[in-house]
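In: 3D model of this:
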Amino acid sequence: EEQQPDHMGEESSSCVHWMVDYICRHREPVKLLLTRAEGTSYEHFVHNMVEVEVEYTLQYMEVLRRLGRDIPELSQSLCHIIASGMFNGIFEIVVHDMPREQALRDVDHLRDFYTAGWLKLMGAQPLSFLDIG
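Out: Residues are numbered from 1 along each chain as shown. All right, here's what the predicted structure looks like:
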């Protein structure tokens with residue numbers, strides 16, 4: 001548990017890059033999964049991914065609390081909304097047939113955007129572009 005906060009950013013980045021690579025290597029099956037899964041056992045694929053992400057997010061917040069961090073209570077529904085937005089944003093790669101390099105750049109920016117939001121919700125003060133000048 002003590003090592004998790006130090007490695008979270010690296011792990012998150014690795015996981016997201018793996019997802020982008022996987023999506024780009026398997027575009028057609030992923031597109032079918034996202035757009036034509038209704039009525040199959042994969043119909044709730046994205047929702048199920050979001051639920052797993054929410055579960056682990058809430059567990060990680062508990063780890064941070066046990067480590068003495070002052071982490072606010074965030075509702076499961078809010079965590080679900082945030083995770084859903086992130087995953088659906090990533091899957092835009094397929095919807096718009098985005099080239100891999102553009103997908104990696106855009107998803108890195110998306111991850112930065114969500115990281116800043118999480119920091120704000122957790123009580124941290126992310127660097128504002130207004131503070132730079």
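
In: helices of the protein, start to end?
Out: Assignment of helices within the chain using DSSP state H yields the ranges 4-25, 27-35, 45-66, 76-90, 92-95, 100-121, 129-132.

In: any chance of these in a markdown table with mean pLDDT as columns?
Out: Listed next are the helices of the chain as a markdown table, based on pLDDT from 0 to 100:
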| stretch | mean pLDDT |
| --- | --- |
| helix 4-25 | 77 |
| helix 27-35 | 95 |
| helix 45-66 | 92 |
| helix 76-90 | 96 |
| helix 92-95 | 93 |
| helix 100-121 | 92 |
| helix 129-132 | 49 |
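
In: reformat the ones you listed as TSV; add mean neighbour count.
Out: All C-beta spots, glycine's among them, are computed from the backbone N, C-alpha and C. As requested, the helices of the chain are arranged in TSV below (neighbours: other Cβ atoms under 10 Å):
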stretch	mean neighbour count
helix 4-25	13
helix 27-35	14
helix 45-66	14
helix 76-90	16
helix 92-95	17
helix 100-121	15
helix 129-132	6
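
In: isn't residue 33 up against residue 42?
Out: Yes. The criterion here is Cβ atoms under 8 Å, and residue 33 meets it with residue 42 at 5.6 Å.

In: please name the residues that touch the residue nearest to residue 104 when sequence neighbours are not counted.
Out: Spatial nearest neighbour of residue 104, excluding adjacent residues (Cβ to Cβ, 6 or more residues apart in numbering): residue 20 at 5.5 Å. Residues near residue 20 by Cβ atoms under 8 Å, 6 or more residues apart in numbering: 90, 93, 100, 103, 104, 107.

In: against residue 24, how distant is the third one?
Out: Between residue 100 and residue 24 the computed distance is 4 Å (Cβ to Cβ, to the nearest Å).
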